[in-house]
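Asks: dropping a prediction and its sequence here:
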Amino acid sequence: MKDLMVVIKLMIQEKRDVVLSVFFGAVAGLTAVALFALSGYMISKSALSPPLYIITIMTALLKLFGSAKSISRYAERYFSHRATFTILSNLRVSFYEKLEPLAPGIFGKYRSGDLLARIVGDVESLQNFFLRVFYPPIVLVIVFLSTIFFTMFYSVYVALLLLAGLLLTSFIVPALFALRQRKIDSRREDRGSLSTEVTELLHGFRDLKIYQKLDEKEKQLIQSADFYVNGQEREGVNAVFNQSVNTLAALMVSWCVLALGAFLVTDGQLDGLFLAMLVMISLNVFENAAPMAVFPAHLEDSRHAAKRLFSFVGGEFGEMKKELAGQLDGQKAFSIEMDDVTFTFPGENRLALKNIHLTIPSGSKTAIVGPSGSGKSTLLQLMLKVYEADSGKVLLDGMPMEALDQEMIWKKTNVVLQENHFFFGTIRDNLMLAKDGLTDEELATVLSNVKLDSFSLDDPVFEKGENLSGGEKQRLAMARAMLKRAPVWLLDEPTSSLDALTEKGLYDHLFEIAKNDTLILVSHRLTGLEKMDQIIVMEQGMIVESGTFDELMEKKGYFYEMKQIEKSVFM
Amino acid sequence: MDTLRKWAFEQKTMMVFLIVSSVMTGAAIVGQAHFFVTIVDRIFLKGASFGEILPFLGGLLAVMAIRTALTYLNGRTGVKMASNVKRNVRRMLLEKYTKNPVQAAIHGQSGGKVSVMMDAVDEMDSYYSKYIPQVIQTSIVPLLILAVVLYEHVYSGLIMMITAPFIPLFFIIIGIKTKAKSEEQLDKLAAFSGRFLDTLQGLTTLKLFGRAAKQRELIEQSSLDFRDATMTILKIAFISTLMLEFISTLSIGIIALEVGLRLVVFESIAFSTAFFVLVLAPEYYLSLKELGSAFHTGRGSMGAAKKVMDELEETEQPVKWGTEEAVMPSIELRNAGFQYGDGFALRKIDAVIPPNTQAAIVGRSGSGKTTLLHLIAGLFDPVEGEIMVNGRPRSNYSEKSWFDQLSYISQHPYLFSGTIAENIAVGGRDGAARAEIEEAAKKAGISSLIESLENGYDTPIGEAGRGLSGGEKQRIALARAFLKKPSVILFDEPTTGLDLKTERILQQSMNELSKTATVITVAHRLHTIKQADVILFLEKGELVAAGTHSELLESVPEYRHMVSVQQGGAVE
């Protein structure tokens, strides 16, 4: 509930639309009731042969109520949906504001790739909160209370009966269903596991086939697919049942109104003229209660979504936003040192880095090499303070990491990661991220420096750069880093998808512009490392050896052997 | 869409039930109006006592209960029908996915296939749970009401008949006028909804460039744009409902006026009849209007159904198998070829691989090496030519006996969800003893790592379990082969990224395994190539030459060229 309060607060910001939705909702409900009441009254009155003008007036009134009802229903829908989407926008912004300070560290904690997609889904499902959970009950209560008040002029008993009906259909029955609802666990998990299994089947197809496990897997999959569908079916039937029970309750109340009214008429306590009117009112007013049948399901859904959402960004607040005293000097290329650093990824047992000692002097060029999974990228992430070491010291320019602000470090570094994100937009948009005030000429020059002359700045980029090849993305990422021109370079396999010739051209240019900068290059290729001041060789989270290219070749150790294998590998 | 409808009509009992229950619903609606009107009439005009109307009250109660029960049963039937279709479609898709050998060749498309299996199938739901029951109801209930009204008071019935077509007509007009517009808006919507995700996924990049704060406004702006675009579509929908309501209130108004005039001015109609007609009229128009909203939901299912159909219509090329037992085979390819769709083709491969030889498949990337390995593995049948095993077509042998002889070690071995022991045991015959598994792990050089784990061989791995590095996965795959002792090993040699230890183990193990088996390797290492008894040299899907390394160096200029380029000329 606490999480939903946050959502309600965001909702209240849209006061005007919220009030208008409730207002028009109430008007629509009331005019509908009035319309039916009037038609019931009119037909009864007609039976008593009234003067013609009465019929004319009443017909005109009917038209008026009819139009008023339709128009205010339209207005209600318009404002409530508008409010919903504005609230959605507020939700996104507020969620982003909470998530932003926690990135990128938080992404490491949740490795699963579709997590973000799920989060976005949760935000989206909260749009139902206003539309289906928050305002319909308010409208319902207004319409009912007004109707009951009106009915009191004709018969207090009927009014009381309607009140009882309101309590029954809008609160008691939904509350009972809400209790049942909690017992039914959400379909989401079944869905997740089915989707995982289908992915497994497709990825493991060859091995499943050869090890003759395909039939077994198929059977297992059919089982989880059926399990999922059966769950959905139960849920669907349940919803239909809830709705039907609510309708039945409403009809029963109307029946009671009719029976009671009939009794009161025969007893002389009520004019028979109003009997049809009262029953018509009752039949109609309960239509407003129908949405309450799905209320528990939506409430439960919103609660879950809000909880998941805020548990994701919650918790680690406060501790992140400390003012940190350490300052890295303006355009100076800082040095990096690590002293006996050990690191484990959150939620894992295996050490990712073990007893790392290294010194990277200011302005030097260092390569980090080693097999995949040996901890090369992790080393970079520690230098960027994406993660902090479990033990040992990381020093930038002699200052301990704890004293330095993440964002200041990032400002001073050009980073190219293995996976670089490109946004929906144009090449220009994506390059302009690098820094403010870049001219088109500068952008075009950099594009040609990374051998992407064939692109124009206005060329479109799809989400995640889907329309770019791996090599193009890597070159664009390098271009972005080159535009930033910070004094320290941290590059994680920036050219793994490029052919050797393009790679060499790119590096030649890089080393020229980074002459005085500190440069750290993670590479799984061992070519072109002759010029490096230092090569660090890693395996299983440890540094196995380090030195210049010649030193390592001379030593005939790990690096030498890797080099021999690389030489003998055919593509 | 025809198939969607076909699947509905296949469920005959359910359809019949829907029809019957719709007729009964119509009858219940008429009955409810009848009892209601009679009670009011008796009490109000005829001065009946309470006791006299009790039977009618009882009848009304019963009719109301029946009507709700029917609504429930109708809804339930819709849900069940949808479940049946979803269940069957998922089975059909699964059948397609598991029987289609080409699957192995098109790894990249798995995301789309998963989404068809999950989302598209789910989106078909509303067609059966909402649209079909509503269509049936709407084709029956208004007709029943109309018949009753015509019988009771022919003029009101005529007004109903004349006004009713305006509702579908109006739908059609609105539909034509707004279709283009709403489709254009839908494209925009899709783009907007992706934008937020895009920003979240790129948050790391944004922060590294110090741009994260600025994105806040962009998110707000694009969300508001999203709102405005959505509202444009919704407004169309809302206005069309508004118009429909106008049409129906107008029609009801005309009916009311007509019966009112007859009742008051001409006194040519009884109160009960007039009231009866007035109570039924809204039900009549309501049922027509509901079809409209059901139609919208139904249309959403069409696109999903198309995706599913496309997937189901993909051609299957099942591999043919016989019944004979395969033994220690020699393998011969006779003019074999394979093509996937219009895409990549492998042509005219002629080669003989005797038992216990080491064969290497060599060529540039994209030359068809892996496809050839799949073809030999029996994952595809050749489209042309034949593959002979021990001098007889492979299709003579049984699938089980063939795969029992075979191990395949790929660059990215697949780990099943299960323990390490289970993952190794998958290679062997059923019921391998723990000792055998441990022995195999030892030979594959991974036993010390496994033993260092808290749960040892019982550590769960695969999708949900602990992640293994690329080298460790390779060694698990080797352990499978050691346990299985196959007579043919197909091996896709890793290109890069392995640690030295795994490199060494791979080399030793392949030597060891090749003592008792035919080894066919997609070779990336000069060492492997030099050791091979026969090298199959591929270029653009064709076998250029076959022979030993030195033979090929001597006689095939393309081979010589490729080797010297790769090795910077340092090959002797």
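Replies: That came in fine, so what should we check first?
Asks: hang on, B:K80 packs against B:T13?
Replies: No. Counting by C-beta atoms under 8 Å, B:K80 sits too far from B:T13 to count as a contact (10.4 Å). In this view, the C-beta of every residue, glycine as well, is placed from N, C-alpha and C.
Asks: quick check: neighbours shared by those two?
Replies: Counting by C-beta atoms under 8 Å, 6 or more residues apart in numbering or on different chains, no residue touches both B:K80 and B:T13.
Asks: which of these two has more residues huddled nearby?
Replies: Each of B:K80 and B:T13 has its neighbours counted (other C-beta atoms under 10 Å in any protein chain shown); B:K80 has more, 18 against 9.
Asks: can you list the weak-confidence ranges in chain A?
Replies: Applying pLDDT under 70 to chain A picks out residues A:1, A:107-115, A:117, A:181-186, A:188, A:314-323, A:325, A:330, A:571.
Asks: where do the strands sit along it?
Replies: With strands called from DSSP state E, chain A shows them at A:336-344, A:351-360, A:365-369, A:391-396, A:399-400, A:413-416, A:425-426, A:460-461, A:488-492, A:518-522, A:534-539, A:542-547.
Asks: B:A546: which element?
Replies: strand B:542-547 (DSSP states H and E).
Asks: distance of A:L251 from B:I167?
Replies: 26 Å (C-beta to C-beta, to the nearest Å).
Asks: A:K451 now?
Replies: Remark: distance between A:K451 and B:I167 (C-beta to C-beta) = 64 Å.
Asks: for A:A434, same thing?
Replies: 59 Å.
Asks: kindly report the same for A:L145.
Replies: 34 Å.
Asks: list the buried residues for stretch B:212-229?
Replies: Buried residues in stretch B:212-229, counted by 16 or more other C-beta atoms under 10 Å in any protein chain shown: B:A212, B:Q215, B:R216, B:I219, B:S222, B:S223, B:F226, B:R227, B:A229.
Asks: just those that are near chain A?
Replies: By C-beta under 8 Å from any C-beta of the partner chain, the members of the buried residues of stretch B:212-229 lying near chain A are B:A212, B:Q215, B:R216, B:I219, B:S223, B:F226, B:R227.
Asks: which of those residues sits closest to A:D508?
Replies: Nearest to A:D508 out of those is B:A212 (C-beta to C-beta; 33.4 Å).
Asks: contact partners for the closest one?
Replies: By C-beta under 8 Å, 6+ apart, the residues touching B:A212 are A:E100, A:A103, B:L203, B:L206.
Asks: give me every residue that touches A:K332.
Replies: A:S362, A:D397, A:P487.
Asks: which phi and psi does it have?
Replies: The phi/psi pair for A:K332 (degrees, to the nearest 10) reads phi -80, psi 140.
Asks: for chain B, see how far away it is.
Replies: According to C-beta to the nearest C-beta, to the nearest Å, A:K332 and chain B sit 18 Å apart.
Asks: low-confidence ranges, the stretch 251-400 of chain B, go.
Replies: Applying pLDDT under 70 to the stretch 251-400 of chain B flags residues B:296-297, B:316, B:328, B:341-343.
Asks: burial of the residue in it that chain A sits nearest to, as a residue count?
Replies: As assessed by C-beta to the nearest C-beta, chain A sits closest to B:F271 within the stretch 251-400 of chain B, at 4.1 Å. Residues contacting B:F271 under the criterion other C-beta under 10 Å number 21.
Asks: can I get stretch A:553-564 in PDB? Just the C-alpha atoms.
Replies: Extracted in PDB, the C-alpha atoms of stretch A:553-564 (Å, rounded to 0.1, in the frame of the first residue of the first chain):
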ATOM      1  CA  MET A 553      57.900 -12.900 -25.800                       C
ATOM      2  CA  GLU A 554      61.300 -13.400 -24.400                       C
ATOM      3  CA  LYS A 555      60.000 -14.900 -21.200                       C
ATOM      4  CA  LYS A 556      58.100 -17.600 -23.200                       C
ATOM      5  CA  GLY A 557      55.300 -17.700 -20.700                       C
ATOM      6  CA  TYR A 558      51.600 -17.500 -21.000                       C
ATOM      7  CA  PHE A 559      51.500 -14.600 -23.400                       C
ATOM      8  CA  TYR A 560      54.000 -16.300 -25.700                       C
ATOM      9  CA  GLU A 561      51.900 -19.500 -25.800                       C
ATOM     10  CA  MET A 562      48.700 -17.500 -26.500                       C
ATOM     11  CA  LYS A 563      50.600 -15.800 -29.300                       C
ATOM     12  CA  GLN A 564      51.600 -19.100 -30.800                       C
END
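Asks: buried sites along it?
Replies: Residues of stretch A:553-564 classed as buried by neighbour count (16+ other C-beta under 10 Å): A:G557, A:Y558, A:F559, A:M562, A:K563.
Asks: which of those are close to chain B?
Replies: When contact is defined as C-beta under 8 Å from any C-beta, the buried residues of stretch A:553-564 meet chain B at A:Y558, A:M562.
Asks: dump the buried residues of stretch A:553-564 to CSV, plus distance to B:L61.
Replies: Below are the buried residues of stretch A:553-564 laid out as CSV (distance: C-beta to C-beta, whole Å):
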residue, distance to B:L61
A:G557, 93
A:Y558, 88
A:F559, 90
A:M562, 87
A:K563, 91
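Asks: tell me the contacts of the nearest residue to A:M42 once chain neighbours are set aside?
Replies: Nearest residue to A:M42, sequence neighbours excluded (C-beta to C-beta, 6 or more residues apart in numbering or on different chains): A:M58, at 4.5 Å. Taking C-beta under 8 Å, 6+ apart, we find A:M58 in contact with A:L38, A:Y41, A:M42, A:K45.
Asks: B:K485 now?
Replies: Residues near B:K485 by C-beta under 8 Å, 6+ apart: B:T516, B:A517.
Asks: that one and B:G47, how far apart?
Replies: To B:G47, B:K485 is 101 Å away according to C-beta to C-beta.
Asks: picking up where we left off before, a markdown table for the contacts of B:A212, including neighbour count and distance to A:S311?
Replies: Formatted as a markdown table, the contacts of B:A212 follow (neighbours: other C-beta atoms under 10 Å in any protein chain shown; distance: C-beta to C-beta, whole Å):
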| residue | neighbour count | distance to A:S311 |
| --- | --- | --- |
| A:E100 | 18 | 17 |
| A:A103 | 21 | 17 |
| B:L203 | 22 | 19 |
| B:L206 | 21 | 24 |
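Asks: which of these fall in helices?
Replies: Those of these mapping onto helices are B:L203, B:L206, per DSSP state H.
Asks: between the contacts of B:A212, which is closest to B:P133?
Replies: In terms of C-beta to C-beta, no member of the contacts of B:A212 lies closer to B:P133 than B:L203, at 45.5 Å.
Asks: which of A:A434 and B:I167 has more residues huddled nearby?
Replies: Taking neighbours as other C-beta under 10 Å, A:A434 and B:I167 compare with A:A434 leading, 22 against 19.
Asks: count of residues packed around the closest residue in space to that one that isn't next to it in sequence?
Replies: Leaving aside its sequence neighbours, A:A434 sits nearest to A:L483 (C-beta to C-beta, 6+ apart; 3.7 Å). Residue neighbour count, defined by other C-beta under 10 Å, stands at 20 for A:L483.
Asks: give the contact list for A:L483.
Replies: Contacts of A:L483 (C-beta under 8 Å, 6+ apart): A:L431, A:A434, A:K435, A:L438, A:E442, A:L443, A:V446.
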